[in-house]
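# Generate a structure from the sequence data that follows.
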Amino acid sequence: MLAEQRAERILRELAQRRAATVTDLCQVTGASEATIRRDLNALAKQGRLSKVHGGAMLMSAEFHGEELDMETKRGLCTREKARIAQYAAGLVGDDDVVFLDAGTSVLHMAERLPSSRALFLTNSIECACRLMERNLRTYVLGGTLKAGTMALIGAETLEALGRYNFTKAFLGCNGVTITQGFTTPDPEEAAVKSLAADRAQEVYVLADSSKFGQVTAAGMFPIETACVITDQLPDPRYRDYTDVREV
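Sure, this is the predicted structure:
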C-alpha cells in the first residue's frame, strides 16, 4: 500500500472511530508500527489529525472568536489560495451572472479572471477595483463600508442584493465543519454571504485546507449548500456531505 493510500485509510478509520491506536492502524493497513508512526507524524504536521500517546485522533473543531485583519489574511496560504483561485476563475463563462464577496481567495480569483461577457456583482470595493482593471462588467452593492475587509454590509446591502439572481456565487469563509457548516466572524458579512448563496444557482466556497475544522461566530449556511474548492481535504468524511474539489 502506497503512502497516500495508507494516509487515506488512516483518516477513514479515524472518521469512523474518532480515535485509533497504532496497533489498530497496523491491522487495517497491513503496515509495520514504524511505518504507521511515520505516517502519523506526517499527517499531524499537515494538520490532518492529532497525535496522542499510542495512536491518533481526529482534530476537534477549533473556535475562533476574532477576525484577523486583511493584511494578515493575505499573507496566509498564498500558494494554496492562488491554485484555488485559478481553478475557480476557470468556472466562469460568458453567459454567467456572478457574485464575488470580499474573501482573500476570491480577491485572488478576481485577478485571474479571463476576458468575458460575464456580469459581476460584488460587495467588495477592492474586488470591484480588480474587476475594473480587467475591463469586466462590474456592479457594486451599496451599504456600510466595513473597515478592514472593505466589504459593504448592512440592511442597504441586503436590500440591493435581493434584487439580483446569479448563475454562480463565489464566496470565502473563515471556517468549515460538518456540523456547523460554513462560518465567518461577522454576522453582517455572514448575512450577505447567505443571501448571495440563496440567490445563486451554483454556490462555490473557496476554502484552503486550514479552514477545515475551524468554527467562527456567525453561520453562513449548511455544508451541503455549496461546492468546496480547496487545495487539500484534511478529512474524507466531508465528501459524504457535499461536493469537494481538490485542485
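
# Show the contacting residues for residue 120.
98, 99, 100, 131, 136, 137, 138, 139 (C-beta atoms under 8 Å, 6 or more residues apart in numbering). C-beta: built from backbone N, CA, C; applies to glycine.

# which of those lies closest to residue 156?
residue 139 (14.4 Å; C-beta to C-beta).

# Excluding chain neighbours, give the residue nearest to the closest one in space.
Excluding the flanking residues, the one nearest residue 139 by C-beta to C-beta, 6 or more residues apart in numbering is residue 121, at 4.6 Å.

# can you check residue 117 too?
Closest to residue 117 by C-beta to C-beta, 6+ apart is residue 94, at 4.4 Å.

# does the one you found count as helix, strand or coil?
coil (DSSP: H, G, I helix; E, B strand; the rest coil).

# Check it and give its pLDDT.
Residue 94 carries a pLDDT value of 97.

# That one: neighbour count?
9 (other C-beta atoms under 10 Å).

# chain center to stretch 102-117, what's the gap?
15 Å (C-alpha atoms, centre = their mean, to the nearest Å).

# what's the span of that stretch, first residue to last?
Stretch 102-117 has its terminal residues 22 Å apart, counting by C-alpha to C-alpha, to the nearest Å.

# Report the buried residues of that stretch.
Neighbour-count burial for stretch 102-117 flags 102, 103, 104, 105, 106, 107, 108, 109, 110, 112, 113, 116 (criterion: 16 or more other C-beta atoms under 10 Å).

# For the host helix or strand of the fifth one, name the packing helices and strands.
Yep, that's residue 106 we're talking about. For residue 106, the host element (DSSP states H and E) is helix 104-112. If contacts are counted by 3 or more C-beta pairs under 8 Å, 6 or more residues apart in numbering; DSSP states H and E, helix 104-112 sits against helix 70-74, helix 78-89, strand 97-100, helix 125-133, strand 166-172, strand 200-206.

# So for residue 148, which of those sits nearest?
Comparing the helices and strands packed on helix 104-112 by C-beta to C-beta, helix 70-74 comes nearest, at 5.6 Å.

# Pull up the gap between residue 106 and residue 229, please.
11 Å (C-beta to C-beta, to the nearest Å).

# let me redo that: residue 199
Distance from residue 199 to residue 229, counting by C-beta to C-beta: 20 Å.

# what about those two, which has more around it?
residue 229 (24 against 18).

# pretty sure that one is in contact with residue 207, am I right?
Yes: between residue 229 and residue 207 there is a contact under C-beta atoms under 8 Å: 7.3 Å.

# Could you name every residue contacting both of those two?
Counting by C-beta under 8 Å, 6+ apart, the residues touching both residue 229 and residue 207 are residue 84.

# follow-up on the earlier one: going by distance to residue 45, which of the buried residues of stretch 102-117 wins?
residue 105 (22.9 Å).

# quick one, what contacts that closest one?
81, 84, 85, 88, 172, 206, 207, 208.

# still on that earlier bit, can you name the residues bridging to the residue nearest to residue 139?
On the basis of DSSP bridges, residue 121 is bridged to residue 99, residue 139.
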